[in-house]
Structure formats: structure tokens, C-alpha cells
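Asker: Predicted structure and sequence below. I'll ask about it afterward.
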Amino acid sequence: MSEQSVLLLKKQLRELTQNPVDGFSAGLVDDENIFLWEIVIVGPQDTLYEGGFFKALLTFPLEYPLLPPKMRFTSEMYHPNVYPSGEVCISILHPPGEDTYGYEQASERWSPVHTVETILVSVISMLSSPNDESPANLEAAKELRENYPAFKKKVQRLARRSAEDF
């Protein structure tokens with residue numbers, strides 16, 4: 001499978017390089033490793049993250065596209081759907097099949113039709129519309145619900161700092 005994975009990832013990288021998509025950039029961390037990508041997401045306009053530049057890593061398994069990659073922000077991120085470690089928790093990055101907890105439908109989870117572009121568009125959507133009902137970061141979800149002004153201040157400070165560090 002890994003030979004097919006390499007070809008598919010090279011194709012997706014070439015497409016993103018030739019036809020950049022607004023909102024993010026993607027490239028390899030090391031030209032010798034097609035399975036590790038560095039991502040920069042531009043904070044979406046009209047959100048608390050606007051103006052920020054958030055770095056992340058996408059790590060693809062050898063079984064890609066049968067299994068999803070993992071995405072982890074390396075820039076500081078405060079969001080209900082991002083673990084304190086930086087790992088992104090959204091449905092399309094969860095392994096295919098039924099959710100053992102019954103929260104997600106199989107159709108919401110990973111499918112081989114997803115591409116780097118669809119993943120990153122979903123992450124940008126996540127930044128725009130946090131899901132605080134199934135949080136990865138309980139503190140961020142609680143603050144979003146119970147003390148929005150404090151949440152807003154913290155996120156806007158992060159966005160400014162990420163732009164300065166970029």
C-alpha cells in the first residue's frame with residue numbers, strides 16, 4: 001500500500017503547489033519524507049483566529065488513504081476541538097467505520113475520498129465554528145460557553161502572537 005500512498009501524496013502535493021487554496025499552505029518538512037507535511041493555516045476572516053498564522057504537522061500513515069492522517073498544531077492553539085497537545089479532533093480525521101461511542105455516524109468519519117485539501121478546509125471550518133458539545137479541550141469548551149469574553153481575549157492574543165512569530 002505504501003507505494004500507492006507515496007504516489008497519491010505526491011499528486012496531492014503537486015496539485016496544491018500548482019493550484020494554491022486560500023486559507024492555508026502545505027509543503028513537506030523534509031523532501032525525503034512524503035508522509036510528513038508542514039501546514040500553515042491563516043486564521044479565517046471574521047473569526048477570533050483572524051490575522052493568525054498557525055503552524056501544524058500532518059502525519060500520514062503508510063496505509064493512507066485507507067486510514068486518516070493525524071494533524072497536530074505546533075503553534076499554540078486554544079480551541080475546544082484541539083487537545084492541549086495540539087492534536088486536532090474532528091470527525092473526518094477519525095478512523096473509518098462506526099463510532100464505538102455512538103456520537104458520530106460512519107459517514108462523518110474518515111473516507112479515502114478525503115484529500116489534504118478537504119482536511120484543511122474542514123479544519124478551517126472548525127476554527128470558524130467550534131463544536132463545544134464534544135470537546136477535546138474541556139477548559140476551552142467550558143470557557144467558550146461560560147465566559148466568552150475571556151475566551152475571545154485569549155484566542156485573539158494567540159492569533160496576534162502567532163502572526164508576530166511567523
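Answerer: Right, received. Where do you want to start?

Asker: Give the phi and psi angles for Ile41, as a check.
Answerer: Here is the backbone geometry of Ile41 (degrees, to the nearest 10): phi -100, psi 130.

Asker: Does Asp132 belong to a helix, a strand or coil?
Answerer: coil (DSSP: H, G, I helix; E, B strand; the rest coil).

Asker: And the residue nearest to it when sequence neighbours are not counted, how far from Ser107?
Answerer: Distance criterion C-beta to C-beta, 6 or more residues apart in numbering; nearest residue to Asp132, sequence neighbours excluded, is Ala141 at 4.1 Å. No exception for glycine: its C-beta is placed from N, CA and C like everyone else's. Separation of Ala141 from Ser107 (C-beta to C-beta, to the nearest Å): 24 Å.

Asker: Looking at these two, which one has more neighbours?
Answerer: Ala141 (20 against 8; other C-beta atoms under 10 Å).

Asker: Who are the contact partners of the residue nearest to the spatial centre of the chain?
Answerer: Central residue of the chain (C-alpha atoms, centre = their mean): Val123, 4.2 Å from the mean position. Taking C-beta atoms under 8 Å, 6 or more residues apart in numbering, we find Val123 in contact with Ile41, Ala56, Met71, Val88, Ile90.
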